[in-house]
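In: Structure, please.
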Amino acid sequence: MTTVEPVGTAAAPGPGTPQGTLSLLGAAARHDPYAFYRTLREEHPLLWDPRLEAWLISRYADVAPALAGRGLAGPRRGSCCGPGTVRCAQEYAAPESAFALLREVCARTAYVLARRLAGRREADLVEEFCRWLPTGTIAAATGLSYAAVMGRDGSAPTRSRAKAPAATDLGRGRGGTGVALLAARCADQAVLTGRALASLLANLLAHPEQLALIRAVPALTGQAWEESLRRNPPVHVVLRRATRDLAISGGTVPAGAAVALLVGSANRDPGRFADPDRFDLHRAAPGALALGPADCPAARVAELQAECAVDALLTAMPGLRAADAFDPAESGLLTRAPHRLLVRPS
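Out: Residues are numbered from 1 along each chain as shown. The predicted structure follows:
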C-alpha cells in the first residue's frame, strides 16, 4: 500500500510516477470511475490527489466510519441526511398520515407523467420523467409552482422556497398541512432523488429478468431501490476536512487537510459486498452508503417516490424496455447518474 504526501508535508510524486497519474479529476476517472476506484482500493486506499488537493479514501472500512464524522468536519449538504448518516438530523417528526398522503400525491403525479409518454415511439425517462417527478410531487403537495420550488435560477430548492402550508386539495382534516410540511422539508433533496431514480430505472432496464420480477411482485421495488443506491449511488464523493491527524489505511491524514470520501468506491468494495458490480435486488447485504438512515423523512420520501415511479411506468407502459442499442452512460463527479435514458414505451 502506497500513500503520497501533500506538498508541504513531504515530497509529492513527479508526474511520471504511477501515483502522480491518479487523480479524481483525471481522464481515467472520468472515463470509467469504477475501474479507477478499483485501482485505488487495491493499490492506494489512501492517496493524495494533487489536482484535487485532497486525500482520496476509497475502502468501505475507511469511508463508512469517516462519514459518521470521526475526526472530519464539513458543511452539511442541504437540510437533511446524506450517505452514511447514522442519526437523522431532522427535528420534525412527520405523522404517518403525511407520508400516506404524499404517496397519493406522488402516485398521481407519476401516473400523469407516465401516461404522457405511453403513446410515444421513444422517450427519454431522465428528461421527461425523473427530473419532473420529485419536484412535481413537492409542488403539488405544497401548493407551489414547479418554478417556485426549484427557484427562478433553476438551482436546487431550499426550505425557504418550499414552506407553503397549502395542499388544500387534500384537506386539512386529512392532514393537508402535515403533508405540505413534510414535502417542504424534503424539497432540497428533489434533484438528488431524480438522479437516483434515473439510476434505478437504468439498472432495471439493463436487467429485464429483474424488471419482470417487479412486474410480478411490485413489493420488490423497495429492494431494487436499495440495491441501486448501493451500486449506483447519486452521491459519489463527499468532501470533508480533517479536524485532527487521522490514521487511515496505514497512513496519516494531517489535521486541516481536505478529504474526499469516495462513496461510489466504498459501495463496490468486494471486502464488504460480494460480487459488488452485479445488480441483484435479492442482495442480502445491509450497510450500503445511500441517502440516509431508515428513519430519515427525506430517505423515506425518496423511496416512496421510487415505488410510485416504477408502478406508474409499468402500469402505463407494460411493455417498457430500453431503446435498441442504447447505453445509459453516467456523468458527473460529486454526484453521478445517467444523463439520458432512452426507452421504447411499448
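In: Now for Arg51: which residues touch it?
Out: Applying Cβ atoms under 8 Å, 6 or more residues apart in numbering, we find Arg51 in contact with Ser23, Leu24, Leu25, Gly26. No exception for glycine: its C-beta is placed from N, CA and C like everyone else's.
In: go on, Leu334?
Out: Val235, His236, Val237, Leu239.
In: now the residues you listed in a markdown table, with secondary structure, distance to Ala285 and neighbour count?
Out: Putting the contacts of Leu334 into a markdown table (DSSP: H, G, I helix; E, B strand; the rest coil; distance: Cβ to Cβ, whole Å; neighbours: other Cβ atoms under 10 Å) gives the following:
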| residue | secondary structure | distance to Ala285 | neighbour count |
| --- | --- | --- | --- |
| Val235 | strand | 19 | 23 |
| His236 | coil | 19 | 25 |
| Val237 | strand | 22 | 21 |
| Leu239 | strand | 27 | 15 |
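In: Counting by contacts, list what the helix or strand bottoming out on mean pLDDT in the chain packs against.
Out: Least confident helix or strand, the chain: helix 146-150 with a mean of 73, by mean pLDDT, DSSP states H and E. For helix 146-150, the elements it packs on are helix 133-142, judged by 3 or more Cβ pairs under 8 Å, 6 or more residues apart in numbering; DSSP states H and E.
In: Now pLDDT and distance to Ala302 too, for the contacts of Leu334, in JSON lines please.
Out: Shown next, in JSON lines, are the contacts of Leu334 (pLDDT from 0 to 100; distance: Cβ to Cβ, whole Å):
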{"residue": "Val235", "pLDDT": "93", "distance to Ala302": "12"}
{"residue": "His236", "pLDDT": "96", "distance to Ala302": "17"}
{"residue": "Val237", "pLDDT": "95", "distance to Ala302": "19"}
{"residue": "Leu239", "pLDDT": "93", "distance to Ala302": "22"}
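In: just to revisit the earlier point, give me the buried entries from the contacts of Arg51.
Out: The neighbour-count test (16 or more other Cβ atoms under 10 Å) marks Ser23, Leu24 as buried among the contacts of Arg51.
In: Closest one of the contacts of Arg51 to Leu281?
Out: Of all these, Leu281 sits closest to Leu24, with 29.8 Å by Cβ to Cβ.
In: Gly256 versus the closest residue in space to the closest one that isn't next to it in sequence, what's the distance?
Out: Once flanking residues are discounted, Leu24 sits nearest to Leu52: 5.2 Å by Cβ to Cβ, 6 or more residues apart in numbering. Distance from Leu52 to Gly256, counting by Cβ to Cβ, to the nearest Å: 16 Å.
In: Same drill for those two, tell me which one is more crowded.
Out: Taking neighbours as other Cβ atoms under 10 Å, Leu52 and Gly256 compare with Leu52 leading, 18 against 10.
In: surely that one meets Ala257?
Out: No - assessed by Cβ atoms under 8 Å, Leu52 is found out of contact with Ala257, at 11.5 Å.
In: How many neighbouring residues does Leu246 have?
Out: Neighbour tally, Leu246, other Cβ under 10 Å: 21.
In: right, I mislabeled it, should have said Arg116
Out: A total of 14 residues lie near Arg116 under the criterion other Cβ under 10 Å.
In: Now Leu101: phi and psi?
Out: Note on Leu101: its backbone torsions stand at phi -70, psi -40 [degrees, to the nearest 10].
In: Which pLDDT value does the model give it?
Out: Listed pLDDT for Leu101 reads 93.
In: ok, now how distant is it from Ala316?
Out: 22 Å.
In: same question, Pro233
Out: In terms of Cβ to Cβ, Pro233 sits 28 Å off from Ala316.
In: How about Ala294: what's its closest non-neighbour residue?
Out: Of all residues not flanking Ala294 in the chain, Arg300 sits nearest, at 7.6 Å (Cβ to Cβ, 6+ apart).
In: ok, the one you found touching Ala98?
Out: No - counting by Cβ under 8 Å, Arg300 stays clear of Ala98, with 10.4 Å between them.
In: more crowded one of these two?
Out: Ala98 (27 against 20).
In: Quick one: list the elements packing against the helix or strand that contains that one.
Out: Taking DSSP states H and E as the definition, one finds Ala98 inside helix 96-118. Applying 3+ Cβ pairs under 8 Å, 6+ apart, one finds that helix 96-118 makes contact with helix 133-142, helix 176-185, helix 297-316.
In: Now with 10 Å, please.
Out: strand 123-124, helix 125, helix 133-142, helix 176-185, helix 297-316 (3 or more Cβ pairs under 10 Å, 6 or more residues apart in numbering; DSSP states H and E).
In: Worst mean pLDDT among these?
Out: When the helices and strands packed on helix 96-118 are compared by mean pLDDT, helix 176-185 comes last with a mean of 79.
In: mind listing the strands for this protein?
Out: Using DSSP state E, the strands of the chain run over residues 46-49, 54-57, 72-73, 123-124, 237-242, 246-248, 251-253, 258-262, 321-322, 330-331, 337-338, 342-344.
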